[in-house]
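Asks: Provided below for reference: sequence and predicted model.
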Amino acid sequence: MDFVKMQGLGNDFVVVAGPVEVDAATISAWCDRRRGVGADGVLEVTPIDRTAVRMRYWNADGGPAEMCGNGLRCVARFAFDRGWVDDNEFIVVTPVGPRPVLVRENGSVRVLLGDPRLGADVHMDGIHLHTVDMGNPHAIQWVSAPEEAAVTTQGPLIEEATTFPDGTNAEFAAVTGRDEIEVRVWERGVGETLACGTGAAATAYLAHEQGRVGEKVTMRLRGGTLLVSLEDDGAWIEGPADYVFSGSLY
């Protein structure tokens with residue numbers, strides 16, 4: 001099976017043309033960074049018609065995820081560059097609904113993630129978490145300095161807490177300037193990643209609801225910069241979607 005390795009701000013994926021049938025063990029093997037291709041997850045892209053494609057996503061542990069923002073941008077570029085759609089603006093059908101995308105000439109991709117929804121605050125072991133649903137779950141805590149935050153120790157505890165029966169992504173964030181936020185992310189089923197598009201959007205939305213930033217926010221992640229726009233139809237993100245290499249899976 002042929003594949004393409006892609007990445008968005010260091011969040012990397014094995015991308016395959018669908019439909020395919022793979023189990024969790026196979027997904028995990030492909031994502032193994034020593035014995036496989038190495039990735040944070042696997043993206044399947046399947047043509048529907050000349051205006052839309054379908055996306056499925058699995059985390060590195062083999063578990064399916066509802067949405068992946070950086071993955072959505074990679075799916076959009078993958079489909080557009082292969083000529084599967086007639087225009088650079090089209091629809092990607094995801095497990096949480098259809099999402100419009102725009103592929104720019106410079107390779108940057110703008111995608112709609114949907115309407116963020118605030119959930120209840122959670123207190124656990126002295127940690128105050130704000131929950132946001134971006135089609136997938138996020139638990140955000142404000143910290144003084146994300147680079148000094150206990151991401152690798154608190155992240156797994158938050159992800160697997162009984163409060164979140166389906167698991168959750170965990171964000172460690174700080175507002176660092178006018179309409180600018182720094183964030184590190186512990187992703188459900190993966191671990192710490194260099195970037196998370198839905199996590200960035202969830203954090204920007206939380207900060208906006210708290211009156212700390214405006215509607216256009218620059219998100220600083222370990223893998224680079226992502227732009228979040230909070231608009232009437234939901235949260236949009238824009239950033240790179242780049243090719244790394246291609247090959248064949250056995």
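Replies: Now that the structure is in, tell me what you want to look at.
Asks: domains in this protein, as residue ranges please.
Replies: Using automatic domain parsing, the domains assigned to the chain come out as 2-112+238-248, 117-232.
Asks: Kindly reformat those domains as CSV containing mean pLDDT.
Replies: What follows is the domains of the chain, written out as CSV (pLDDT from 0 to 100):
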stretch, mean pLDDT
domain 2-112+238-248, 97
domain 117-232, 97
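Asks: can you list the ones you listed in a markdown table and add mean neighbour count?
Replies: For the C-beta atoms, the positions are set from N, CA and C on the backbone; glycine is no exception. Below are those laid out as a markdown table (neighbours: other CB atoms under 10 Å):
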| stretch | mean neighbour count |
| --- | --- |
| domain 2-112+238-248 | 19 |
| domain 117-232 | 19 |
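Asks: Is the residue lying closest to residue 246 once chain neighbours are set aside part of a helix or strand, or is it coil?
Replies: In space, and not counting its chain neighbours, residue 246 is closest to residue 4: 4.7 Å by CB to CB, 6 or more residues apart in numbering. Under DSSP: H, G, I helix; E, B strand; the rest coil, the three-state class of residue 4 is strand.
Asks: do you know how far residue 4 is from residue 113?
Replies: 23 Å (CB to CB, to the nearest Å).
Asks: and if you look at residue 96?
Replies: Applying CB to CB, the value for residue 96 to residue 113 is 9 Å.
Asks: do the same with residue 100
Replies: For residue 100, the distance to residue 113 - CB to CB - is 10 Å.
Asks: what pairs with whatever helix or strand residue 226 lives in, and is each one parallel or antiparallel?
Replies: Residue 226 is located in strand 224-231, with elements delineated by DSSP states H and E. Strand pairing for strand 224-231, determined by DSSP bridges: strand 216-221 (antiparallel), strand 234-240 (antiparallel).
Asks: mind checking which of these is nearest residue 68?
Replies: Checking the strands paired with strand 224-231 against residue 68 by CB to CB gives strand 234-240 as the closest, at 11.2 Å.
Asks: contacts for that closest one?
Replies: For strand 234-240, the surrounding residues in contact (CB atoms under 8 Å, 6 or more residues apart in numbering) are 8-9, 69-70, 73, 107-116, 134, 197, 200-201, 204-205, 224-230.
Asks: Name the next helix or strand following that strand along the chain.
Replies: Next along the chain after strand 234-240, taking DSSP H and E as the criterion, comes strand 242-248.
Asks: which residues sit against that following strand?
Replies: So strand 242-248 is in contact with 1-8, 12, 37, 107, going by CB under 8 Å, 6+ apart.
Asks: Now with 6 Å, please.
Replies: Residues outside strand 242-248 that contact it (CB atoms under 6 Å, 6 or more residues apart in numbering): 2, 4-7.
Asks: next one: stretch 188-201 to chain centre, how far?
Replies: How far stretch 188-201 lies from its chain's middle: 6 Å, per CA atoms, centre = their mean, to the nearest Å.
Asks: do stretch 61-75 as well
Replies: Offset of stretch 61-75 from its chain centre (CA atoms, centre = their mean): 6 Å.
Asks: contacts for it?
Replies: Residues from elsewhere that reach stretch 61-75 (CB under 6 Å, 6+ apart): 6, 8, 11, 13, 24, 27-28, 43, 45, 55, 57-59, 92, 94-96, 109, 111, 113, 135-136, 189, 195, 197-198, 237, 241.
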